[in-house]
Each structure stands twice: as C-alpha cells, then as structure tokens.
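K.L.:
Kindly return the folded structure for what I paste below:
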Amino acid sequence: MIVFPKTIDEALAALQAHPGAELRAGGTDLQDRRHLQLHAAHQDVELGPIVDLRDVPGLDLIAAEGQQAWIGGLATLQSIADHPAISGLWPGVAQACGALANPQIRAVATIAGNLMQGPRCWYYRHPDYRCLRKGGDTCYAREGEHPWHVCFDSSPCAAPHASTVAMALAAYDAEVELVAAPGAAPRRLPVLEALATDDPGPGGLITAVFLPAPWALERSAYVRASNRSRAEWALVEVSVRLVLDDDDRITAAAVAAGAVAPKPLRLQAVEQALVGQRARPKTLAEAAALASRGAKPLPQTAYKPGLLEGTVLTALERALTAPITPTSITIDPAGATP
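P.N.:
Residues are numbered from 1 along each chain as shown. A predicted model of the protein is given here:
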C-alpha cells in the first residue's frame with residue numbers, strides 16, 4: 001500500500017499509525033531495502049505502507065535569499081548541483097551532489113533521502129544476516145570482509161556513513177530542519193548532531209536543509225577517491241574551505257571527511273594547523289598529515305588513513321587555486337530552479 005499525504009502532519013501521522021511504514025522521497029535506496037526486507041531496524045516488524053511525500057507542497061523547492069539558502073528535503077541532487085545560487089555560493093555542496101552515482105539516480109534521489117539512507121555494508125544489505133543494525137548482536141563485517149568500512153572505529157557498527165551530501169554540508173556548518181511528530185514545531189540541528197546516532201538517519205522527517213552565508217573571500221574544493229570515477233561509492237572523500245588574506249596567510253579553514261567513520265568528520269586538527277599559517281606546500285603537507293590523527297583502522301582498512309591524508313592534501317592544493325566564492329550572486333528568475 002502507498003499513502004500520499006498532503007501535509008507533513010499527515011505523513012507523520014501515517015508513520016505513527018503503521019510501525020513498519022517508511023517515508024519515500026526519491027525512493028532510490030528505499031526500494032532496494034524493501035526488496036531485501038530491510039524495511040525496519042528489526043526484521044520482525046511487519047512490512048508497512050510506503051508514505052510517499054511527492055504531494056506535500058514546497059518540499060522540492062530551493063530558495064536563496066541574501067547569503068543564505070533553503071533546500072527542501074525533496075529537492076533532487078541534480079537540481080541542487082545545477083542551481084546557480086548553490087553552485088555559485090556553496091560550490092562544495094553543488095560539486096558533491098553532482099559527483100554522486102549517475103545522472104539517472106541524481107535526477108530522482110533527494111537531499112533528505114541521501115542523508116537518511118542506510119549503510120552500504122553488504123552484510124546489512126543481505127537478508128540472511130541479522131546484524132547490529134537489524135536487531136542482532138554481531139557486526140559481521142568485523143569478522144568478515146570490510147575493505148570499504150571505517151578507519152575511525154568509534155561505533156559497534158563498522159559501516160561508514162553513506163552520505164556524501166552530509167559530509168559536504170558539514171564543511172559548510174549546515175543545519176537540517178526536522179519535524180518529529182504531527183503538530184510538533186520544526187527544530188533545527190547541525191547536520192552532524194542530527195546524524196549522531198546508529199540509525200540510518202535522524203528521528204523525524206527532514207523538511208529542509210539550511211546553508212549559512214559563505215565566508216568572505218573563501219575558496220573551496222571537493223575531492224573523492226574511489227575505484228572508478230563514476231557511479232561508485234567513495235573510499236575517502238574530502239570537502240575543504242579556505243580563506244586567505246593578502247599575505248597568503250590562512251585566516252579560516254574547514255575540512256570535512258566522509259566514508260571513513262560512522263558519521264562525517266570535521267578534521268579539527270587539520271583546521272587548527274592551517275589557521276594562522278601561510279599557504280605554503282610545507283604547511284599544507286604538515287596539516288594534511290594530521291588528517292588521520294585518532295584513526296583506528298580495521299585490518300582491511302589500514303590503507304585508509306594514508307589515503308585520507310593524501311586526499312586532504314589534494315583538496316587543500318585545489319582549494320588554493322580555486323576561484324574566490326562571491327559574496328552574492330544575481331540569478332535570472334527565468335532560468336532559476338524554483
């Protein structure tokens with residue numbers, strides 16, 4: 001059964017009425033999980049209806065006002081990548097959205113769905129393994145094959161967070177708007193706080209993502225390392241923002257990493273090593289070497305700390321040669337995404 005609510009409250013009420021129900025935004029991950037009977041955290045919950053959000057008005061809109069942006073939860077990844085305000089003022093977010101999967105997936109997949117997707121671990125995705133994420137007591141990846149799993153081992157589950165978008169949003173200090181129950185007031189949380197659980201996503205319905213104003217004179221870069229350049233999950237990915245003064249001294253830095261931990265990381269040791277220093281090759285290399293500080297790789301992810309350091313260095317180098325992000329952008333209303 002598919003339910004088509006007309007409001008957010010109706011959608012949340014449908015979820016409460018059916019314990020096995022699930023929200024559908026783009027559906028690219030949901031359909032696969034339901035086919036594999038991964039429809040709930042515990043396999044003993046009966047399969048419930050799909051609560052399709054397509055008829056809830058306004059959730060697919062993207063609006064930029066001044067130096068801030070509001071991205072509706074149903075905005076597709078391709079629409080975000082193509083939006084002139086997002087690509088102009090928050091290029092790291094646009095680049096991350098445009099690098100995912102393939103054009104067919106990006107045309108359907110949504111930003112909320114990307115944040116809420118389940119782990120890409122093959123044990124979690126296999127219907128015969130009742131792992132920790134499905135109510136069991138074992139992380140089978142730890143005992144088996146885990147070459148694409150975490151190198152910052154800080155959770156009982158060894159799967160890294162699957163969302164590239166979450167990593168990019170973390171670099172920009174973005175917030176998500178959540179509505180937890182029918183009639184409840186929306187609340188905003190920093191994206192990393194909203195994802196600070198072992199569930200596939202935060203508790204509630206993601207209605208929007210908010211991007212704060214970019215820094216004045218900032219430059220940015222997004223770099224991913226993967227086994228192939230297209231339609232592949234990242235082994236390591238990094239988003240970098242830098243601000244330099246007239247003396248080439250770094251006055252602000254944000255460095256986020258994905259595919260290495262249970263949730264995206266802000267690499268604070270790297271950021272702190274950069275700020276106040278002149279942007280010289282030695283400075284960048286020394287800061288990038290701190291990217292793996294605190295890493296606890298699994299036997300088959302011992303390669304990831306070194307790969308992370310190299311990816312951070314590449315991102316820093318690219319950011320230095322990237323164009324300065326404008327503080328404002330003029331959009332032709334006739335060509336703008338609604």
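K.L.:
Name the residues of the helix or strand hosting E193 that are buried.
P.N.:
For E193, the host element (DSSP states H and E) is helix 191-194. Buried residues in helix 191-194, counting neighbours by 16 or more other CB atoms under 10 Å, are found at 191-192, 194. Bear in mind the C-beta positions are built from the backbone N, C-alpha and C, glycine included.
K.L.:
gap between Q67 and I329?
P.N.:
For Q67, the distance to I329 (CB to CB, to the nearest Å) stands at 9 Å.
K.L.:
Quick check: neighbours shared by these two?
P.N.:
L89 (CB atoms under 8 Å, 6 or more residues apart in numbering).
K.L.:
returning to what we had before: with pLDDT and distance to A302 added, can I get the buried residues of helix 191-194 in JSON lines?
P.N.:
Formatted as JSON lines, the buried residues of helix 191-194 follow (pLDDT from 0 to 100; distance: CB to CB, whole Å):
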{"residue": "V191", "pLDDT": "95", "distance to A302": "29"}
{"residue": "L192", "pLDDT": "92", "distance to A302": "26"}
{"residue": "A194", "pLDDT": "89", "distance to A302": "31"}
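K.L.:
Which member of those is positioned nearest P305?
P.N.:
Checking the buried residues of helix 191-194 against P305 by CB to CB gives L192 as the nearest, at 20.7 Å.
K.L.:
and the nearest residue to the closest one once chain neighbours are set aside, how many residues sit next to it?
P.N.:
Using CB to CB, 6 or more residues apart in numbering and skipping residues adjacent in sequence, the residue nearest L192 is A170, 5.3 Å away. Look at A170: counted by other CB atoms under 10 Å, it has 24 neighbours.
K.L.:
can you give me the strands for the stretch 1-150 of the chain?
P.N.:
For the stretch 1-150 of the chain, strands defined by DSSP state E, counting those that start in this stretch occupy the ranges 2-3, 22-24, 50-52, 62-65, 68-72.
K.L.:
so the residue nearest to L192 is in which element?
P.N.:
A170 belongs to helix 164-171, assigned by DSSP H and E.
K.L.:
remind me which residues of the stretch 101-250 of the chain are low pLDDT?
P.N.:
Residue ranges of the stretch 101-250 of the chain with pLDDT under 70: 196-203.
K.L.:
the helices in it, which residues?
P.N.:
Here the stretch 101-250 of the chain has its helices, by DSSP state H, counting those that start in this stretch, at 103-106, 111-116, 122-125, 140-143, 164-171, 191-194.
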